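Enquirer: Here is my input; please provide its structure:
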Amino acid sequence: METISENLNYIQKQIAIACKKSGRKPDQVRLLAVSKTKPASAVVAAINGGQLLFGENRVQEARDKISLVAEEVDSTNVEWHLIGPLQRNKVKVAVNLFTMVHSVDSVDLAIELNRRALKSRPMPVLVQVNVGREPQKSGFLAEAVTYAIKQMAELPGIKVKGLMTIPPATDSAEEARPYFRELAQLAKTINGLKIPGIDMAELSMGMSHDYMVAVEEGATLVRVGSAMFGARDYNI
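Expert: Have a look, this model is predicted:
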């Protein structure tokens with residue numbers, strides 16, 4: 001597992017380079033290690049290398065993995081973020097597992113999160129935006145986001161902390177730049193409305209192939225999986 005530690009160091013250096021290029025400070029960007037389909041041992045190796053933020057796609061997989069990791073290493077300061085789609089019937093479990101949900105793609109889901117989170121603690125969430133307007137992807141269209149966020153602002157059990165996107169697949173990282181730029185501008189516009197309780201502090205965008213461009217365009221959370229853990233087995 002030494003490679004994971006080496007990959008972690010490399011990614012952190014690349015983030016620092018992208019920050020310098022765009023006039024940002026490295027502490028303005030957090031690396032979210034996407035550990036979906038990866039074993040608990042890989043997460044433990046990353047934690048031993050200093051990584052504390054992890055992203056999972058599925059509630060059940062995350063629940064099992066979080067338990068296994070806790071048996072192997074002190075995970076008191078570890079944050080688990082849900083970055084995949086969340087079904088409403090899994091919300092009850094999710095609110096007790098995750099520090100943040102990145103994939104709020106409907107007001108109905110926000111309402112259910114609010115209902116469940118009121119019984120424990122306010123849940124920080126990000127609103128997913130379909131910047132590429134792809135019919136097969138979840139997320140609000142840009143023109144619908146503001147109204148949805150105004151509705152979410154009335155829900156005391158959740159705290160909208162920003163936006164998240166998965167742009168269309170591109171052949172090069174540079175081709176993703178317009179989508180990241182659009183999300184950053186959208187967040188700026190929403191912030192300018194000064195909606196009570198809404199703070200667009202977080203932009204979750206950028207993955208293994210384009211995270212440096214995302215950082216240059218304002219990402220505060222980059223979701224990096226294969227660049228850290230190696231190729232993913234989608235048959236798991």
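Enquirer: Which parts of this structure are helices?
Expert: Using DSSP state H, the helices assigned to the chain run over residues 2-21, 40-48, 59-72, 91-97, 107-117, 142-152, 177-192, 211-216, 226-229.
Enquirer: now those as a markdown table including mean neighbour count, mean pLDDT and distance to residue 166?
Expert: C-beta: built from backbone N, CA, C; applies to glycine. Output for these, formatted as a markdown table (neighbours: other Cβ atoms under 10 Å; pLDDT from 0 to 100; distance: least, Cβ to Cβ, whole Å):
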| stretch | mean neighbour count | mean pLDDT | distance to residue 166 |
| --- | --- | --- | --- |
| helix 2-21 | 16 | 95 | 19 |
| helix 40-48 | 20 | 96 | 22 |
| helix 59-72 | 16 | 97 | 18 |
| helix 91-97 | 18 | 96 | 19 |
| helix 107-117 | 20 | 97 | 16 |
| helix 142-152 | 16 | 98 | 14 |
| helix 177-192 | 18 | 98 | 9 |
| helix 211-216 | 24 | 98 | 11 |
| helix 226-229 | 20 | 95 | 15 |
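Enquirer: So which of these is nearest residue 198?
Expert: Nearest to residue 198 among those is helix 142-152; the distance by Cβ to Cβ comes to 5.9 Å.
Enquirer: Now do the contacts for residue 230.
Expert: For residue 230, the set of contacting residues under the criterion of Cβ atoms under 8 Å, 6 or more residues apart in numbering consists of residue 3.
Enquirer: So for it, what's the pLDDT?
Expert: Among the per-residue scores, residue 230 shows a pLDDT of 89.
Enquirer: From residue 9, how far off is it?
Expert: According to Cβ to Cβ, to the nearest Å, residue 230 stands 15 Å off from residue 9.
Enquirer: do residue 81 as well
Expert: 22 Å.
Enquirer: got it, and residue 142?
Expert: In this structure, residue 142 lies at 36 Å from residue 9, with Cβ to Cβ as the measure.
Enquirer: Please apply the same query to residue 171.
Expert: Noted for residue 171: a distance of 28 Å to residue 9, by Cβ to Cβ.
Enquirer: Which residue, neighbours along the chain excluded, lies closest to residue 92?
Expert: The shortest distance from residue 92 to any residue other than its chain neighbours is 5.3 Å, reached at residue 116 (Cβ to Cβ, 6 or more residues apart in numbering).
Enquirer: That'll do, ta.
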